[in-house]
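1. Build me a model:
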Amino acid sequence: MDTLPLKDYRILITRGKGQAKRFKATIEQYGGTPIMVPLLDFQLPMNMIEVEAVIRHMSNYDWLILTSQNGVRFFFELVEQYNVIHSLPKIAVIGIKTAEELTRYGYKADFIPNQFVAEEFVAEFVLKLHADARVLLAKGNLARTIIAQRMNQAGVICDEVIVYETVLPKESVPQLVHVLRAQEVNVITFTSSSTIHHFMQIVEQYQLHPYLESLIIACIGPIAKKTALQYGLQVDICPAVYTTDAMLQELMTYIKR
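-> Okay, the predicted model is just below:
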């Protein structure tokens, strides 16, 4: 068995710089060459008045929903800033990585769905709630609204609060243009719809479509895949388990085939 199945493959990592370290190391472990062009950066919301009002009244809620590692990090930055760490309700998360991030702050998730997509989460989660439960969803500004919509339709009071904003790092624009024009990668990995939106924004601005035709495209899950398909991209890899490890395993299987 080839111990370096990704040898000779140059793999573009588009996720945020702070989240890419382990992904980069795993690619190198399998002999691949990671090329890092972060298409996401994150910051606290510009308007903090509404955020502060919600965070300071955490005791009004029975449950808190966190859907991403960034959501966990920025939420706890805010609760520490406003000193409401002792007023937290039960916590529900989507995804193993989100649950692991939560443990770094000394908390264990009270609910994790069997499948890590919003629709499945809501179907399972509402069964855990009593009739007059109040739920707070802490999320990024580009996150879908499906969770709150579905929960409100089910008769559950679900409020949303934006705890971080997603932006495109300015320095990554010329980096991506160079990488594609110089054909420095043969695999592109997308770990969220946000990375795809920013990627295609640059591709369209600089007319880079011809440079994508021979590339292998991997998406971490069905939501990212759907976004990629809407832009006309051909998605070659989409694992059943929505993690970077599973995505790389699928890539190695694809290459072997």
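2. how close does Lys21 get to Thr33?
-> Note on Lys21: its distance to Thr33, by CB to CB, to the nearest Å, is 16 Å. For every residue, glycine as well, the C-beta is placed using N, CA and C.
3. before we move on, what about Lys128?
-> When distance is defined by CB to CB, Lys128 is 45 Å away from Thr33.
4. before we move on, the earlier item: more crowded one of Lys21 and Thr33?
-> Regarding Lys21 and Thr33, a neighbour count based on other CB atoms under 10 Å identifies Thr33 as having more, with 16 against 10.
5. what sits against the more buried one?
-> When contacts are counted by CB atoms under 8 Å, 6 or more residues apart in numbering, Thr33 is found next to 9-11, 27.
6. What does the pLDDT read for it?
-> Confidence at Thr33, expressed as pLDDT, is 98.
7. returning to that earlier point: for the contacts of Thr33, which ChimeraX command selects only the ones that are buried?
-> This is the ChimeraX syntax for the buried subset of the contacts of Thr33, where burial follows 16 or more other CB atoms under 10 Å:
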select :9,10,11,27
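8. which among the contacts of Thr33 gets closest to Asp245?
-> Ile27 (10.7 Å; CB to CB).
9. mind checking which helix or strand the closest one is in?
-> Under the assignment given by DSSP states H and E, the secondary-structure element containing Ile27 is helix 21-29.
10. what packs against that helix?
-> In terms of contacts (3 or more CB pairs under 8 Å, 6 or more residues apart in numbering; DSSP states H and E), helix 21-29 is packed against strand 10-13, strand 33-36, helix 244-256.
11. Pull the residues that contact the longest one.
-> It refers to helix 244-256. 5-6, 9, 11, 22-23, 26-27, 30, 187, 189, 191, 216, 218-220, 236-240.
12. quick revisit: just send the contacts of Thr33 back as CSV, with pLDDT and distance to His86 too.
-> CSV is the format used below for these (pLDDT from 0 to 100; distance: CB to CB, whole Å):
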residue, pLDDT, distance to His86
Tyr9, 97, 49
Arg10, 98, 49
Ile11, 98, 44
Ile27, 97, 41
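13. Quickly check the contacts of Thr33 for the two that are furthest apart.
-> Between all members of these, the farthest pair (by CB to CB) comes out as Arg10 and Ile27, at 9.6 Å.
14. by contact count, what packs against the lowest-mean-pLDDT helix or strand in the chain?
-> For the chain, using mean pLDDT, DSSP states H and E, the weakest element among its helices and strands is helix 118-125, scoring a mean of 87. Other elements packing on helix 118-125 under the criterion 3+ CB pairs under 8 Å, 6+ apart are helix 146-153.
15. For the helix it packs on, buried residues please.
-> By neighbour count, and taking 16+ other CB under 10 Å as the criterion, the buried residues in helix 146-153 are 147-148, 150-151.
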